[in-house]
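> Turn this into a structure:
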Amino acid sequence: MSSRPRPASLVLVLAVIASLVAACSGGGGASGSVAPGTSPVTSDGAVGSAANSDESLAPTKLVVGLGFIPSVQFAQFYLAQQKGYYADGGLDVEFQNKIDPDLITLVGAGKIDVGIGDGTSVIPATSQGIPVEYVATIYGKFPNIVFAKASSGIKAPADLKGKKIGTPGKYGSSWVMLQAMLASAGLTTDDVEIVEYPEFNQEAAVEQGGVDAATGFANNEPIQLEQHGGKPVVLHVDDITPLPGPGLIASTATLDSKHDAIAAFVAATLQAMNEIKDDPEAGLDAAIEIVFEFVLLCEI
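Take a look at the predicted model:
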């Protein structure tokens, strides 16, 4: 990772945008939304229709499911789209936003070609017969964490006893992580008060004192909290037990029918990830562009 610091102003701008996105989402995570910037692109970089007059040049359409709302967490996908890496691979990529349980079901049914899925959700899904496979690692380390203000006195999982903990819902990797973290201290969810934030605005609740701590992503909520003037403390479940991080998933049927297209998608995404590793600002800028467009669409 580059040691060059990211401008604090850019991170703060993204945090402000994130709050606007949560407000305009209106609980639409289950129904999803198509992210902007996904018009079909021809091999010469011009915007056009997938129904190309020369069928041999028509790009392969891939519907890609990301998380609940556009976020910096998906910067590598936005950068690959904006820099034409998907188009160069012969792909017409459309992003959709879904919550994790819906996304995995839709991928298994072939209604979404590729999705980003939590490892802790994919494992039980396959055990229940949902035909999905994990095809690429996006997070080498489990990104879900519990965070709080340093002034809360929370320093270890045992300190969560009796506390109010905010989380988007009782599902997905954050919920699995929270239970594992509590169990490491001999606690269960009955030993804390769970407050659900389906609009993913639990960071604001921590800031305002609505909850003592909350679940989140290591590269998201704690950074927002710090930018808003609160010193965060972060509890990592990897310090207790390793859990599989989110990665790209596809159904077995889609892997058979669109194998080359999915391979091209993975390659283009990893190329963008490596660029962001060398220059984090490139990923931040890509995310800001998409989130701003999303907010503007909400206002129309």
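> Provide a complete list of residue ranges assigned to helices in the stretch 201-300 of the chain.
For the stretch 201-300 of the chain, the helices defined by DSSP state H, counting those that start in this stretch occupy 202-208, 221-227, 252-257, 259-278, 280-299.
> Below-threshold pLDDT in the stretch 51-200 of the chain: ranges please.
51-56 (pLDDT under 70).
> got the helices of the stretch 201-300 of the chain as CSV, with mean pLDDT, mean neighbour count and distance to Phe147 columns?
No exception for glycine: its C-beta is placed from N, CA and C like everyone else's. Converted to CSV, the helices of the stretch 201-300 of the chain look like this (pLDDT from 0 to 100; neighbours: other Cβ atoms under 10 Å; distance: least, Cβ to Cβ, whole Å):
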stretch, mean pLDDT, mean neighbour count, distance to Phe147
helix 202-208, 96, 20, 7
helix 221-227, 93, 22, 5
helix 252-257, 96, 15, 36
helix 259-278, 96, 18, 23
helix 280-299, 82, 18, 20
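> quick one: which of those is nearest Pro246?
helix 259-278 (12.6 Å; Cβ to Cβ).
> Would you mind measuring from Gly84 to Phe77?
Computed as Cβ to Cβ, to the nearest Å, the Gly84 to Phe77 distance reads 13 Å.
> Of those two, which one has the most company?
Neighbours per residue, other Cβ atoms under 10 Å: of Gly84 and Phe77, the larger number sits with Phe77, 29 against 13.
> Do I have it right that the more buried one meets Leu62?
No: contact between Phe77 and Leu62 fails when scored by Cβ atoms under 8 Å: they sit 11.2 Å apart.
> right, and the helices of the stretch 201-300 of the chain - which one's nearest Glu193?
Closest of the helices of the stretch 201-300 of the chain to Glu193 is helix 202-208, at 12.3 Å (criterion: Cβ to Cβ).
> would you list the helices of the stretch 201-300 of the chain in TSV and tack on distance to Ile240?
Listed next are the helices of the stretch 201-300 of the chain as TSV, based on distance: least, Cβ to Cβ, whole Å:
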stretch	distance to Ile240
helix 202-208	21
helix 221-227	18
helix 252-257	33
helix 259-278	27
helix 280-299	28
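> Which residue ranges of the chain form strands?
Assigned by DSSP state E, the strands in the chain fall at 60-66, 91-97, 114-117, 132-137, 144-149, 164-167, 193-196, 213-217, 232-236, 247-251.
> Buried deepest among those strands, which one?
Mean neighbour count (mean count of other Cβ atoms under 10 Å) peaks for strand 114-117 among those, with a mean of 26.
> show me the contacts for the closest residue to Ile240 other than its chain neighbours.
Excluding the flanking residues, the one nearest Ile240 by Cβ to Cβ, 6 or more residues apart in numbering is Ser184, at 4.4 Å. Counting by Cβ atoms under 8 Å, 6 or more residues apart in numbering, Ser184 touches Pro157, Ile240, Thr241.
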